[in-house]
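Enquirer: sequence? don't have it. structure:
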């Protein structure tokens, strides 16, 4: 299967991420309205998850931009490095929010140990993804420098 170009896997994944982005935005907008009309009590945990959800939507938006460069068959460009660094910064913010969620759940709520473990897993996962995106951004930056140097040599 072709990865680059209009009919490649990158374009398909870009379309799927656009659908997920739209659904995520609709859920974020509709959720408080649904809670208000069902007369459910707003749990503080729900409020704490909103910054994480917003960060995740921004990360998805950055990856949509990454798949644009795959669509035009030019993955080693300045735009790719910029998008990876932006996604890494947003992921770092999300890691901080996961840490705050975990601390809130562990020290103030102390109700569900399994929920605290899930939050600890998400915290560790997002810290790992932040590190991975940093390494990937630096790798693409180095590849871009080599490509630019090679283009100037020829």
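Expert: Good, I have the coordinates. The model shown is predicted, which means the values in this text are computed figures rather than measured ones.
Enquirer: and after the helix or strand hosting residue 102, which helix or strand comes next?
Expert: Per DSSP states H and E, residue 102 falls inside helix 78-104. Following helix 78-104 in sequence order, the next helix or strand is helix 113-153 (DSSP H and E).
Enquirer: My understanding was that residue 99 contacts residue 120; is that so?
Expert: No - shown here, residue 99 and residue 120 do not form a contact pair, counting by Cβ atoms under 8 Å, at 9.5 Å. To be clear about C-beta, it is placed using only N, CA and C from the backbone, and glycine gets the same treatment.
Enquirer: Tell me how many other residues surround residue 34.
Expert: Residue neighbour count, defined by other Cβ atoms under 10 Å, stands at 10 for residue 34.
Enquirer: Ok, residue 92 next?
Expert: When neighbours are defined as other Cβ under 10 Å, residue 92 has 17 of them.
Enquirer: Over to residue 11?
Expert: Neighbourhood size, residue 11 [other Cβ under 10 Å]: 19.
Enquirer: for the one 3 residues further on, same thing?
Expert: Residue 14 has 19 neighbouring residues, counting by other Cβ under 10 Å.
Enquirer: change the start of the numbering to 483 and stick with it
Expert: From this message on, residue numbering opens at 483, which makes the last subject residue 496.
Enquirer: Pull out the buried residues from the worst-scoring helix or strand of the chain on mean pLDDT.
Expert: In the chain, the helix or strand scored least confidently by mean pLDDT, DSSP states H and E is helix 526-553, which has a mean of 85. Of the residues in helix 526-553, 530-531, 533-553 count as buried by neighbour count, 16 or more other Cβ atoms under 10 Å.
Enquirer: for stretch 615-626, same thing?
Expert: For stretch 615-626, burial by neighbour count (16+ other Cβ under 10 Å) applies to 615, 616, 618, 619, 622, 623, 626.
Enquirer: swap in stretch 626-636?
Expert: residue 626.
Enquirer: In this structure residue 622 contacts residue 566, no?
Expert: Yes - at 6.0 Å, residue 622 counts as touching residue 566 under the criterion of Cβ under 8 Å.
Enquirer: list the contacts for the residue most central in space within the chain?
Expert: Taking Cα atoms, centre = their mean as the criterion, residue 541 is the residue nearest the geometric centre of the chain, at 2.9 Å. Residue 541 sits next to 569, 572, 573, 576 when contact means Cβ atoms under 8 Å, 6 or more residues apart in numbering.
Enquirer: Let's see that with 7 Å instead.
Expert: Applying Cβ atoms under 7 Å, 6 or more residues apart in numbering, we find residue 541 in contact with 569, 572, 573.
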